[in-house]
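**Student:** Test case, fold it:
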Amino acid sequence: MTMSNLIDMWFPSRLDPEHCPLDFFIAKYVAGLDRDRINPPNAKMRSGSQAHTAWQLHLQGTPLKEAIETCKHELSKFNAPNAKDHEQHKLCLKHFDTVVNNFVLASADCNIKVNEIEQLFKTDAEGIELNVGGYVDVVEFDYINEAKSKWPSPFLKADGSYSERSQSLPKSPTASNVRQAAIYSRASNKPVRIIYASHKGYQVFDQTNCEYLQPQALNAAFETMRMSARARQNLLKISSDPQIISRYVIPNFSHYVWNNVDEEIIAKVKQIWGYRSG
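**Tutor:** Numbers count the residues shown, from 1 in each chain. Here you go, the predicted structure:
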């Protein structure tokens, strides 16, 4: 099996050193394990996806109420994997309309003129055999836009009931969001805007108000991702056998990416690394 049979393109989700460390990458993309069990969707992930879709539908001409109702209905079908995520799901449904409305207010504030939705951009990079790129949320003639939703979290009180803890809107884009934006900006050859929305409001970052989205900083972030792609490419050139390439990577099961992976899958991953039980 060749590298292209395992990886056809380098998306940010396959490269990010924080959200997809090398041990997790091997387990998810090389080991042949069930990807939905390695990276199971949770309520925030599903809610973010549906909020983005509602926003995009509205930008394409669907009445806002219809867009929200359609996507909220889809979100209501989500089956939370545990009790806490069930509470998270309820919170996301409660605030869904407001989050979408805040995306709409942000796009009006930015005067976004839609050219394409979910357009694939890809480019080459020095020393990388496969293309690097991804699907951009909203593309304009002279800008690209990425949407990031923020949701309150359930908090378990002493009496066993749950309360709500809000997340503040960021004062600057997260490092991983900047790395993703850097790939999309390079691949599309356009400046990038990152829009954060919560039920409290919205925050927009671009090159005019954020140094991390200026060309020099984006170039540095892209280099981080290029180095990540090169390392993963070279690992896959050693072998397509996870038990062989695992010899070159130290596993770290204390990293948060493993938090929602069930024990059966963790046991299988540990077998790849040759963990001894006694």
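**Student:** Can you tell me how far Lys171 is from Pro12?
**Tutor:** 22 Å (C-beta to C-beta, to the nearest Å). For glycine as for every other residue, the C-beta is placed from the backbone atoms N, C-alpha and C.
**Student:** Touching, Trp258 and Phe24? I think so.
**Tutor:** Yes - under the criterion of C-beta atoms under 8 Å, Trp258 makes contact with Phe24 at 7.2 Å.
**Student:** what about those two, which has more around it?
**Tutor:** Neighbours per residue, other C-beta atoms under 10 Å: of Trp258 and Phe24, the larger number sits with Phe24, 21 against 18.
**Student:** Show the average pLDDT along the helix or strand containing that one.
**Tutor:** According to DSSP states H and E, Phe24 maps onto helix 22-25. The average pLDDT within helix 22-25 is 95.
**Student:** Pull out the buried residues from the biggest helix by length in the chain.
**Tutor:** Secondary structure of the chain per DSSP state H: the longest helix is helix 83-109. Using 16 or more other C-beta atoms under 10 Å as the test for burial, helix 83-109 gives 84-85, 87-89, 91-93, 95-104, 106-107.
**Student:** Contact partners for His95?
**Tutor:** His95 is in contact with Trp151, Pro152, Ser198, His199, counting by C-beta atoms under 8 Å, 6 or more residues apart in numbering.
**Student:** Among those, which one sits closest to Cys20?
**Tutor:** Trp151 (21.8 Å; C-beta to C-beta).
**Student:** Tell me which helix or strand comes right after the longest helix of the chain, heading toward the C-terminus.
**Tutor:** Next element after helix 83-109 (DSSP H and E): strand 116-125.
**Student:** For the next helix or strand along the chain from that following strand, which helices and strands make contact with it?
**Tutor:** Next helix or strand after strand 116-125 toward the C-terminus (DSSP H and E): strand 128-139. In terms of contacts (3 or more C-beta pairs under 8 Å, 6 or more residues apart in numbering; DSSP states H and E), strand 128-139 is packed against helix 3-6, helix 12-15, helix 43-59, strand 116-125, strand 144-149, helix 175-188, helix 215-238.
**Student:** For strand 128-139, which residues meet the burial criterion?
**Tutor:** Those would be Ile128, Leu130, Asn131, Val132, Gly133, Gly134, Val136, Asp137, Val138, Val139, for strand 128-139 by 16+ other C-beta under 10 Å.
**Student:** can you check stretch 266-278 too?
**Tutor:** So, applying 16+ other C-beta under 10 Å, buried residues of stretch 266-278: Lys268, Val269, Ile272, Trp273.
**Student:** ok, now stretch 19-32?
**Tutor:** 19-31.
**Student:** Likewise for stretch 249-268?
**Tutor:** Of the residues in stretch 249-268, those buried (16+ other C-beta under 10 Å) are Val249, Pro251, Val257, Trp258, Val261, Ile265, Lys268.
**Student:** Surely the first one and Leu235 touch.
**Tutor:** Spelled out, it's Val249. Yes - taking C-beta under 8 Å as the definition, Val249 is a contact partner of Leu235 at 7.4 Å.
**Student:** coming back round to it: closest one of the buried residues of stretch 266-278 to Thr208?
**Tutor:** Val269 (44.3 Å).
**Student:** before we move on, back to that, okay, Lys171 and Pro12: which has more neighbours?
**Tutor:** Between Lys171 and Pro12, counted using other C-beta under 10 Å, Pro12 has the larger neighbour count: 21 against 8.
**Student:** from what I can see the more buried one touches Val178, true?
**Tutor:** No - with contacts counted by C-beta under 8 Å, Pro12 stays clear of Val178, the gap being 10.5 Å.
**Student:** that older thread, among the buried residues of strand 128-139, which one sits closest to Lys190?
**Tutor:** For those, the nearest to Lys190 is Val139 (7.7 Å; C-beta to C-beta).
**Student:** so who does that closest one touch?
**Tutor:** Val139 touches Val114, Asn115, Glu116, Ile117, Gln119, Asn145, Ser188, Lys190, counting by C-beta under 8 Å, 6+ apart.
**Student:** Can you tell me the closest non-neighbouring residue to the last one?
**Tutor:** In space, Lys190 comes closest to Ile144 once its chain neighbours are excluded; the distance is 4.9 Å by C-beta to C-beta, 6 or more residues apart in numbering.
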